[in-house]
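Give me coordinates for this.
(one chain, ligands or ions: 2)
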Amino acid sequence: MPSVSKSSSPKKSQDKNNDNKKISSLSEFYCCYLLRSIRKTQSFYIGSTPNPYRRLRQHNGELTRGGAYRTKRQGTRPWEMCFIVYGFPNKNSALQFEHAWQHIYESRFITNNDEYKNYKFTKSSRGLHFKIAGARMLVHCDHFKIMNLKIRCFNKSFYEAWKTNKYKLPCNDAENRLFLDIELENNDDLDIVRGKCGETQSQNITKSTQDLNPLINDGKSPREEDPSSSENDLYVSDINDPVIKIARKNLKLVYTFYLNYVDDLKNYYEKSEKSLIYGELSCELCHTSFNYMDEKPKPKLAFCYHENCNSISHLHCLYKHSTKSAGKLVPIEAKCHRCDNVLEWISVVKNSIEIKNILGN
Ligand SMILES: [Zn+2]
Ligand SMILES: [Zn+2]
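Numbering: from 1, shown residues only. Ligands and ions are numbered 1, 2, ... in the order given. Just a heads-up that it's a prediction; the model follows:
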């Protein structure tokens, strides 16, 4: 995920249609997730979504529309999002991963893989370690490896279970993509998470919540996010109940992660867009000069997202440069020629397509 300097204030778009276009493609975040029932810890659910925050609220019955049937079963709510796998280049690859993870014992990604032939999982294999093993094998298999997927845990015990690698699977590089989100500034500010921006809340958080609400709502009507449309007010039902406390903390962690992720994408796009208005530009790698606004057709460009670096190159120049140095057909990472920092190839490409789709006509 790109991490972009947040110091510059977001540029307001003058064109409403443009803004809508931006929102629709920027919200193309896809992840697969594992839920565990907090009350019935042997109940799990694997799914995929463009918006883990909204999805978790649906599973817990807080949003009336869109809850999955299986997570409504009696006594299983609330659900906790154990971890998510993210970094998919598109919706299809996330759906493929979801399906393979749900049916790991018959997945061709696993059964065709020589490394895994000694691991006999069956339809009846259960438990957290088994679910983790499935995700672990998939992120490591050839098909998904090139996507450089990441795993974000929202609970320390899941993080440790992942690291334990109970089935001793030969995929050690999975550790480098594992992240743990457990730090919270304040457990009690759940109202912000649920879109009720009180006057007492810090201005910063309130502002970014409002800014990103269209993304978080994922194009759905605001009514759907309105807590009064809840079929059960789970997160405030009994805030002294330890189970509800866990659910509240979990929702806050998922929300914070998602908000930051979407915020980073938005900042990256805005930084890139801004750098194109300065007239004459030059590719960092081939040194060809061009004026983006005058070019027809417009080139696909690669922008550096690191702080204080405004490096621009042709996407194909960065591609040639990266595959040559890595000796691979598809690069996982590229290196910025100017600031020397690593760039995630998928993020650079997605941003490049985004810029061309919006400004390219
Ligand atoms: Zn070039
Ligand atoms: Zn750079």
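
C-terminal to the helix or strand harbouring Y235, which secondary structure element comes first?
Under DSSP states H and E, the secondary-structure element containing Y235 is helix 234-237. The first helix or strand that comes after helix 234-237 along the chain, using DSSP H and E, is helix 242-275.

Mind checking if that following helix is in reach of ligand 2?
No. Counting by C-beta under 5 Å from the ion, ligand 2 has no neighbours in helix 242-275; the shortest distance is 11.1 Å. Yep, even glycine has a C-beta here, placed from its N, CA and C like the rest.

Off-centre distance for that helix?
Here helix 242-275 is found 9 Å from its chain centre; the criterion is C-alpha atoms, centre = their mean, to the nearest Å.

buried sites along stretch 71-80?
Buried residues in stretch 71-80, counted by 16 or more other C-beta atoms under 10 Å: 71, 76-80.

what's the span of it, first residue to last?
For stretch 71-80, the first and last residues are 11 Å from each other (C-alpha to C-alpha, to the nearest Å).

hang on, the earlier thing: list the buried residues in the helix holding Y235.
With burial defined by 16+ other C-beta under 10 Å, the residues of helix 234-237 counted as buried are 234-235.

Return the member of the buried residues of stretch 71-80 nearest to H99.
Taking C-beta to C-beta as the measure, H99 sits nearest to T71 out of the buried residues of stretch 71-80, at 17.9 Å.

near ligand 2, which residues of this structure?
Taking C-beta under 5 Å from the ion as the test, the list of the chain residues beside ligand 2 reads 304, 306, 309, 311, 336, 338-339.

Only whichever of those residues are buried, select them in ChimeraX.
The ChimeraX command for the buried members of the residues of the chain next to ligand 2 (criterion: 16+ other C-beta under 10 Å) is given here:
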select :304,306,309,311,336
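
okay if I get the residues of the chain next to ligand 2 as TSV plus distance to ligand 1, pLDDT and secondary structure?
Listed next are those as TSV, based on distance: C-beta to the ion, whole Å; pLDDT from 0 to 100; DSSP: H, G, I helix; E, B strand; the rest coil:
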residue	distance to ligand 1	pLDDT	secondary structure
C304	14	97	coil
H306	19	96	coil
C309	17	95	coil
S311	12	96	coil
C336	14	96	coil
R338	13	96	coil
C339	17	97	coil
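
Format the CA atom coordinates belonging to stretch 308-318 as PDB.
Only the C-alpha atoms of stretch 308-318 are listed here, as PDB (Å, rounded to 0.1, in the frame of the first residue of the first chain):
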ATOM      1  CA  ASN A 308       8.900  14.800  -1.100                       C
ATOM      2  CA  CYS A 309       9.600  12.900  -4.300                       C
ATOM      3  CA  ASN A 310       7.800  14.000  -7.600                       C
ATOM      4  CA  SER A 311       9.500  11.500  -9.900                       C
ATOM      5  CA  ILE A 312       7.600  10.700 -13.000                       C
ATOM      6  CA  SER A 313       8.500   8.100 -15.700                       C
ATOM      7  CA  HIS A 314       6.700   6.300 -18.500                       C
ATOM      8  CA  LEU A 315       5.100   3.200 -17.100                       C
ATOM      9  CA  HIS A 316       6.800   1.100 -19.800                       C
ATOM     10  CA  CYS A 317      10.200   2.600 -19.000                       C
ATOM     11  CA  LEU A 318       9.800   1.700 -15.300                       C
END
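
would you say S93 is within a helix?
Yes. When DSSP: H, G, I helix; E, B strand; the rest coil is applied, S93 is found to be in a helix.

Could you report the distance from the nearest residue to it once chain neighbours are set aside to N51?
When the adjacent residues along the chain are set aside, S93 lies closest to M147, with 6.6 Å between them (C-beta to C-beta, 6 or more residues apart in numbering). The span separating M147 from N51 equals 20 Å under the rule C-beta to C-beta, to the nearest Å.

and if you look at E28?
Relative to N51, E28 is positioned 10 Å away (criterion: C-beta to C-beta).

More neighbours: which of the two?
For E28 versus N51, neighbours defined as other C-beta atoms under 10 Å are more numerous around N51 (22 against 15).

pretty sure that one is touching F257, no?
No. Under the criterion of C-beta atoms under 8 Å, N51 is not in contact with F257, lying 11.6 Å apart.

tell me, what's touching those two both at once?
In terms of C-beta atoms under 8 Å, 6 or more residues apart in numbering, N51 and F257 are not both contacted by any residue.

burial of N308, as a residue count?
Based on other C-beta under 10 Å, the number of other residues close to N308 is 8.

can you tell me how far it sits from N341?
Using C-beta to C-beta, one obtains 10 Å as the distance from N308 to N341.

try E62
With distances taken as C-beta to C-beta, E62 is found 40 Å from N341.

More neighbours: which of these two?
E62 (25 against 14).

ok so the more buried one is a strand residue?
No. When classified by three-state DSSP, E62 is found to be coil rather than part of a strand.

per-residue confidence at it?
The predicted structure scores E62 at 83 on the pLDDT scale.
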